[in-house]
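Q: I'd like to go over a predicted model; first the sequence, then the structure.
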Amino acid sequence: MIKPILALALGALIGFSTAQAGNLNERDDVKQFIDKMVSEHQFDKKQLQEWFSKTELKPKIIEAISRPAEKKLKWHEYRKIFVKPNRINKGVTFWNAHRDTLARAEKEYGVPAHIITAIIGVETRYGEHKGRYRVIDSLATLGFDYPKRSKFFKSELEQYLLLVREENADPFSIKGSYAGAMGIPQFISSSYRHYAVDFDGDGIRDLWNNPVDAIGSVANYFKKHGWKAGGDVVISTKVSGDKYQTLVERGLKPHTALTEFSDHGLNFTADTDNTQKASLIELTQPANKEYWIALNNFYVITRYNHSALYAMAAHQLSLEIKKARNTALNEAS
């Protein structure tokens with residue numbers, strides 16, 4: 001006998017499968033979307049209808065976006081996914097293979113080579129794992145069948161169709177994450193259109209296969225979001241009392257001048273501008289909690305992924321890569 005809850009779940013999946021098997025062009029919301037693309041961006045209606053007849057809605061995408069790692073894992077669990085020997089060593093290899101490109105990106109955009117390398121390492125293991133879902137399927141699934149963020153993903157689907165037209169790409173050949181992020185640096189469609197650069201000068205912005213363009217584009221993304229060249233990322237701190245909790249509760253965006261942090265029970269030493277604004281993050285370890293003062297550059301990392309866990313993992317991976325590479329260079333000299 002099937003329990004009621006299980007029966008409901010199976011019924012939902014059966015309904016989803018039926019919708020998936022049907023032609024999306026029969027749905028009113030898809031018709032409205034197509035009409036918008038035709039009227040606002042001069043797409044050919046028959047071409048769009050052909051594309052949507054081949055687009056598939058995927059239940060696994062809904063499942064995946066409903067359980068992101070940033071929400072279900074504590075810091076010590078999340079960190080060990082990314083800051084580990086294999087990813088560090090491959091980061092050194094990637095840096096060495098692209099040292100001239102990374103040096104040029106650092107000079108032009110002010111973003112350190114180890115930060116750029118770590119972002120690509122966290123996102124796709126240096127281009128090895130760029131995603132297994134067709135981007136058009138991901139964005140259509142989330143845009144039309146995920147009401148919680150339907151507006152955002154319909155917008156990204158719009159951006160994706162504009163992107164493939166601009167880059168003369170096959171909309172069905174591009175694969176990415178369940179959320180539609182794609183290429184070596186995992187840019188979403190709007191970020192690709194706004195921040196991707198042709199860093200090797202061949203006339204093509206290719207983040208899908210070209211690490212040179214990927215490196216330049218990550219650096220450009222960070223600069224456009226306010227990265228400060230030479231600036232620190234975080235400062236380790238100790239807390240006392242309970243006033244510090246108000247700083248944690250105010251979120252990731254820098255909000256309080258460093259000069260005021262001591263008034264909230266924080267003890268730290270920093271050789272930096274004490275008038276700059278910062279935030280306070282709390283990270284959970286197995287036996288305790290650790291606290292970090294997050295500066296502007298930390299917040300910039302969270303513009304790539306709006307998670308303190310992500311930003312801290314990327315930052316710490318970058319430091320480990322830099323340390324390992326410097327050790328190797330010193331041993332070789």
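A: Received, thanks.

Q: can you confirm residue 279 is in a strand?
A: Yes. Remark: residue 279 belongs to a strand, assigned using DSSP: H, G, I helix; E, B strand; the rest coil.

Q: count of neighbours near it?
A: As a burial measure, residue 279 scores 22 neighbours (other C-beta atoms under 10 Å). C-beta here means a position set from N, CA and C on the backbone, and glycine is covered the same way.

Q: likewise residue 271?
A: Around residue 271 there are 7 other residues, counting by other C-beta under 10 Å.

Q: and the pLDDT at it?
A: Note for residue 271: predicted pLDDT of 84.

Q: any idea how far residue 36 is from it?
A: 53 Å (C-beta to C-beta, to the nearest Å).

Q: what do you get for residue 66?
A: In this view, residue 66 and residue 36 are 27 Å apart by C-beta to C-beta.

Q: between these two, which one's more packed in?
A: Neighbours per residue (other C-beta under 10 Å) separate residue 66 from residue 36, with residue 36 holding more: 13 against 10.

Q: relative to residue 152, how far out is that one?
A: According to C-beta to C-beta, residue 36 and residue 152 sit 16 Å apart.

Q: and if you look at residue 140?
A: Distance of residue 140 to residue 152, computed by C-beta to C-beta: 13 Å.

Q: of the two, who's got more company?
A: residue 140 (26 against 16).

Q: quick one: contacts for the more buried one?
A: Listed by C-beta atoms under 8 Å, 6 or more residues apart in numbering, the contact partners of residue 140 are 24, 52, 55-57, 157.

Q: again with residue 264
A: Taking C-beta under 8 Å, 6+ apart as the test, what residue 264 contacts is 241, 243-244, 246-247, 256, 280.

Q: helix or strand right after the helix-or-strand element of the chain with minimal mean pLDDT?
A: Across the helices and strands of the chain, mean pLDDT, DSSP states H and E gives its lowest value to helix 4-21, namely a mean of 40. Using DSSP states H and E, the next helix or strand after helix 4-21 towards the C-terminus is helix 28-41.

Q: name the helices or strands packed onto that next one?
A: Contacts defined by 3 or more C-beta pairs under 8 Å, 6 or more residues apart in numbering; DSSP states H and E place helix 28-41 against helix 45-54, helix 135-145, helix 150-166.

Q: which residues sit against that helix?
A: By C-beta under 8 Å, 6+ apart, the residues outside helix 28-41 that reach it are 24-25, 43-45, 48-49, 52, 143-144, 154, 157-158, 161-162.

Q: would you write a ChimeraX line that selects the buried entries of those?
A: To isolate the buried subset of the contacts of helix 28-41 in ChimeraX, counting by 16 or more other C-beta atoms under 10 Å, use the following:
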select :24,43,48,52,143,144,154,157,158,161,162
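
Q: ranges for the helices of the stretch 201-333 of the chain?
A: Taking DSSP state H, counting those that start in this stretch as the test, the helices found in the stretch 201-333 of the chain are 211-224, 244-249, 296-302, 308-332.

Q: residue 106: which of the helices and strands packed on helix 28-41 is closest?
A: Closest approach to residue 106 among those is made by helix 150-166 (27.1 Å; C-beta to C-beta).

Q: which helices and strands does the following helix or strand past the closest one pack with?
A: The first helix or strand that comes after helix 150-166 along the chain, using DSSP H and E, is strand 175-176. Packed against strand 175-176 by the contact rule (3+ C-beta pairs under 8 Å, 6+ apart) you find strand 133-134, helix 135-145.
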